[in-house]
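A.B. asks: Predicted model, plus sequence, below.
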Amino acid sequence: MANPTAKRRIVLLGATGSIGESTLRVVAAHSDRLELVGIAAQSNHARLAEIARQFNVRHVAIHDETACTAARASSAFPAGTKIHGGIAGLTELATLPEADIVLIAVVGIAGLAPALAALAAKKDLALASKELLVLAGKFVMAAARTSGSRLLPVDSEHNAVFQCLEGCRTSDVRRIVLTASGGAFRDWPLEKLARATVADALKHPNWAMGPKITVDSATLANKGLELIEAQWLFGLRAEQCDAVLHAQSIVHCLVEFTDGSMLTQLCPPSMTFPIQHALLYPARASQPTAPALDVGRPFALDFRPVDEQRYPCLRLAKESMRAGGTAPAVFNAANEVAVAAFLAGRVQFLAIPRIIEHTLATVKLIEPTALDQVLAVDAEARRVAQHFPA
């Protein structure tokens with residue numbers, strides 16, 4: 001186990017996204033304890049060059065091969081920077097000998113091969129990509145057990161559960177309840193949802209996030225993915241994982257124990273809190289990266305049950321979780337295709353759950369024994385979802 005007081009060397013996959021930018025703020029605020037040794041992005045090589053200069057990073061990976069070629073021809077990177085390309089490049093970064101921890105914050109399944117490679121290299125893994133455990137939880141958890149590496153959750157809800165369960169026995173947990181803001185349409189009349197635009201969906205009331213996850217918040221597909229992820233992370237049964245609406249996004253989870261008592265974790269809706277906890281664990285930051293919760297002023301906390309008529313994607317995610325096998329992978333793939341189609345203006349907002357339900361009903365579900373089987377089902381689910389009539 002790493003020395004908690006030593007400087008931790010970090011590889012950040014997804015450096016130019018919202019999680020990546022929050023991670024950079026944490027690293028800058030705690031530069032005496034954290035150091036970036038590798039950064040990666042899908043295609044934004046201009047921003048990667050800025051980060052490389054700011055943090056003196058010598059290893060850069062770019063998933064998109066065309067952007068990688070442009071980056072190699074650019075003079076924007078510091079002299080001596082090694083630029084890695086494609087999935088192989090992400091994997092090379094994830095296994096850098098000098099790295100202690102790899103933070104996976106890439107969208108979709110691009111982070112799967114690097115995550116498994118990092119675990120095989122006995123690196124700790126900080127997870128901000130829900131899709132990895134939803135798609136391949138069986139294989140990621142097995143790899144972590146084999147390597148002895150730590151899986152440190154970065155999602156605010158899972159990080160909150162992680163903190164509440166520290167020192168507790170899983171057998172003493174009755175259930176966990178993840179909180180959801182409800183997204184942009186929480187208070188819309190149901191009949192108005194048929195006219196919801198992309199611009200409407202991207203107006204999240206509390207969080208600043210990328211387009212895909214912001215739409216997922218509006219459908220509550222993100223909460224469904226988080227429930228599936230939580231089941232893997234904490235070794236729970238499907239019926240032990242639930243969600244509740246909490247408009248303020250201050251309480252991030254509720255953990256109910258068998259004796260009826262509950263523990264919860266509170267902090268402002270800033271991703272810097274869970275990120276700094278994961279990167280510094282088991283130590284704590286000496287000061288918060290963002291302003292802490294001010295309990296010296298009045299504020300209210302309210303909770304209400306999720307209306308699954310308004311949020312059918314959550315119902316579909318729960319059904320997938322109970323079905324097990326490749327059902328969560330199908331849910332995830334169909335949702336990605338549906339959200340991309342909505343963001344591109346090809347389908348209406350209410351088509352998203354219809355595409356997911358159709359795909360789940362069409363694709364044959366199996367209990368996978370090899371990762372290749374999961375990837376094949378993922379590809380089939382994407383094909384089915386893409387051919388859903390608009």
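C.D. replies: Cool, the structure landed. Not measured: the values here are computed from a predicted model.
A.B. asks: Remind me what the lowest-mean-pLDDT helix or strand in the chain packs against, helices and strands.
C.D. replies: Of all the helices and strands that make up the chain, helix 211-219 has the lowest average by mean pLDDT, DSSP states H and E, namely a mean of 91. Contact here means 3 or more Cβ pairs under 8 Å, 6 or more residues apart in numbering; DSSP states H and E; on that basis helix 211-219 packs against helix 198-201, helix 221-234, helix 327-343, helix 351-362. All C-beta atoms are positioned from the backbone trio N, CA, C, and that covers glycine.
A.B. asks: List the buried residues for stretch 293-312?
C.D. replies: Of all the residues in stretch 293-312, those buried under the rule 16 or more other Cβ atoms under 10 Å are 306, 310, 311, 312.
A.B. asks: Run the chain-centre distance for stretch 69-88.
C.D. replies: 27 Å (Cα atoms, centre = their mean, to the nearest Å).
A.B. asks: quick one, what contacts the closest residue to residue 29 other than its chain neighbours?
C.D. replies: With Cβ to Cβ, 6 or more residues apart in numbering as the measure, residue 289 is the residue that lies nearest to residue 29, at 4.5 Å, once sequence neighbours are left out. If a contact means Cβ atoms under 8 Å, 6 or more residues apart in numbering, then residue 289 has 25, 26, 29, 30, 270, 272, 273, 276 as its contacts.
A.B. asks: Which of the residues you listed sits closest to residue 262?
C.D. replies: residue 273 (20.2 Å; Cβ to Cβ).
A.B. asks: In a strand, the closest one, correct?
C.D. replies: No - the assignment for residue 273, made by DSSP: H, G, I helix; E, B strand; the rest coil, is helix rather than a strand.
A.B. asks: ok, the residue nearest to it when sequence neighbours are not counted to residue 250 distance?
C.D. replies: Taking Cβ to Cβ, 6+ apart, and ignoring the residues beside it in sequence, residue 273 has residue 267 as its nearest neighbour in space, at 4.4 Å. With the distance defined as Cβ to Cβ, to the nearest Å, residue 267 ends up 7 Å from residue 250.
A.B. asks: where do the contact lists of these two overlap?
C.D. replies: residue 293.
A.B. asks: Can you give me the neighbour number for the residue nearest to residue 380 when sequence neighbours are not counted?
C.D. replies: Taking Cβ to Cβ, 6+ apart, and ignoring the residues beside it in sequence, residue 380 has residue 363 as its nearest neighbour in space, at 5.5 Å. Residues near residue 363, counting by other Cβ atoms under 10 Å, number 22.
A.B. asks: cool, and residue 31?
C.D. replies: By the criterion of other Cβ under 10 Å, residue 31 has 12 neighbours.
A.B. asks: now the nearest residue in space to residue 41 that is not next to it in sequence, what's its secondary structure?
C.D. replies: The shortest distance from residue 41 to any non-neighbouring residue, by Cβ to Cβ, 6+ apart, is to residue 16 (4.3 Å). The three-state label given to residue 16 by three-state DSSP is coil.
A.B. asks: Run through the residues that contact residue 16.
C.D. replies: Residues in contact with residue 16 (Cβ under 8 Å, 6+ apart) are 41, 42, 44, 47, 48, 51.
A.B. asks: if we go to 6 Å?
C.D. replies: With contacts defined as Cβ atoms under 6 Å, 6 or more residues apart in numbering, residue 16 is in contact with 41, 44, 47.
A.B. asks: Then residue 157?
C.D. replies: Applying Cβ under 6 Å, 6+ apart to residue 157 gives the contacts 178, 226, 252, 253.
A.B. asks: circling back: my guess is the residue nearest to residue 273 contacts residue 276. True?
C.D. replies: No - taking Cβ atoms under 6 Å as the contact criterion, residue 267 and residue 276 are not neighbours in contact, 10.5 Å apart.
A.B. asks: what about those two, which has more around it?
C.D. replies: In this view residue 267 and residue 276 are compared by other Cβ under 10 Å, and residue 276 has more residues nearby, 27 against 21.
A.B. asks: wait, doesn't that one sit right on residue 285?
C.D. replies: Yes - Residue 276 is within contact range of residue 285, at 5.0 Å (criterion: Cβ under 6 Å).
A.B. asks: Run through the stretch 101-250 of the chain and note the low-pLDDT ranges.
C.D. replies: Per-residue confidence for the stretch 101-250 of the chain (pLDDT under 70) gives these ranges: 207-208.
A.B. asks: All the strands of the stretch 51-200 of the chain, in order from the start?
C.D. replies: Assignment of strands within the stretch 51-200 of the chain using DSSP state E, counting those that start in this stretch yields the ranges 59-62, 82-85, 101-104, 124-127, 151-153, 173-180.
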